[in-house]
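1. Below is the sequence, then the predicted model.
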Amino acid sequence: MGDGYSTFLLDIEGTVCPISFVKDTLFPYFTKQVPQLVQQDSRDSAICEILSQFGIDDKHQLQAHILELVANDVKDPILKQLQGYVWAHGYESGQIKAPVYADAIDFIRRKDRIYIYSSGSVKAQKLLFGHVQGRRAPTGDSLDLNAYIDGYFDINTSGKKTETQAYANILQDIGVSANDVLFLSDNPLELDAAGAVGMATGLAVRPGNAPVSDMQKYRVYKNFEDL
Ligand SMILES: CSCCC(=O)C(=O)COP(=O)(O)O
Ligand SMILES: [Mg+2]
């Protein structure tokens, strides 16, 4: 059933890990830090630089703006950069481990050309795959899958995931033809955008994902064991 694709492009949330991990662990971890980051002038120069990109001087307005973006799950490129820096502490201190599905871990280890494309920043992606919950979860050591991943793309490097041009940009960066690539995601709009450049696509159906109305349009994968 592998269908002979040489290259696999994987979404993260809803595809290789549960949506609940992002909504119930990563986002709350971030929102708790926002008042301190904004109100107490972060001493970290990278964080200060990112905060300045919002172009909002008033601290209360800036805090409200950031929290509103998170509450509405807006895939804002500046927010996504900021989240990567905040999550770093959570992963590095051992407070956060990523519950990547066992079949996705095996798949990433087994395949030769694995690329990631997520709205989460490249920094956040590397942290996530560098701190994967092992099979003896939650107490065992975490796994680092980064050595098995050939490249990372986000909305800053490549553009919005629902726009076809983003997939054309990724193909150019990887240097492969569209028909060599299988893109897996839980979001039909992303699959349609990738399909429009000629990539093969597969709909990831995982517990807790949003229902998809026209599911018959897609090849469905409940896990990656047969791929
Ligand atoms: C890189 S983990 C952070 C996930 C995140 O912030 C996000 O918006 C997930 O979007 P995806 O494109 O992976 O569905
Ligand atoms: Mg997703």
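-> Yep, it's here. Ligands and ions are numbered 1, 2, ... in the order given.

2. Pull up the residues of this structure that are close to ligand 2.
-> Contact residues, the chain versus ligand 2 (Cβ under 5 Å from the ion): Asp11, Glu13, Gly14, Asp186. No exception for glycine: its C-beta is placed from N, CA and C like everyone else's.

3. Give me the PyMOL select line for the residues you listed, limited to the buried ones.
-> Command for PyMOL that selects the buried part of these, burial taken from 16 or more other Cβ atoms under 10 Å:
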select buried, resi 11+13+14+186
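
4. Can you tell me which of the residues of the chain next to ligand 2 is nearest Ser121?
-> Glu13 (13.1 Å; Cβ to Cβ).

5. My read is that the closest one contacts Val22, right?
-> Yes - Glu13 lies in contact with Val22 (Cβ atoms under 8 Å); the separation is 4.7 Å.

6. residues shared between the contacts of those two?
-> Common neighbours of Glu13 and Val22, counting by Cβ atoms under 8 Å, 6 or more residues apart in numbering, are Gly120.

7. related to what we said a few turns ago, I'd like the residues of the chain next to ligand 2 written out as CSV, with secondary structure, pLDDT and distance to ligand 1 added.
-> Below are these laid out as CSV (DSSP: H, G, I helix; E, B strand; the rest coil; pLDDT from 0 to 100; distance: Cβ to the nearest ligand atom, whole Å):
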residue, secondary structure, pLDDT, distance to ligand 1
Asp11, coil, 98, 5
Glu13, strand, 97, 3
Gly14, coil, 98, 6
Asp186, coil, 98, 7
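
8. Please convert the residues of the chain next to ligand 2 to CSV, extending it with distance to Lys111.
-> As requested, these are exported to CSV (distance: Cβ to Cβ, whole Å):
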residue, distance to Lys111
Asp11, 15
Glu13, 20
Gly14, 20
Asp186, 19
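
9. So which of the residues of the chain next to ligand 2 is the closest to Pro207?
-> Pro207 has its nearest neighbour among the residues of the chain next to ligand 2 in Gly14, at 9.9 Å by Cβ to Cβ.

10. Please name the spatially closest residue to that closest one (chain neighbours excluded).
-> Nearest residue to Gly14, sequence neighbours excluded (Cβ to Cβ, 6 or more residues apart in numbering): Asp186, at 3.2 Å.
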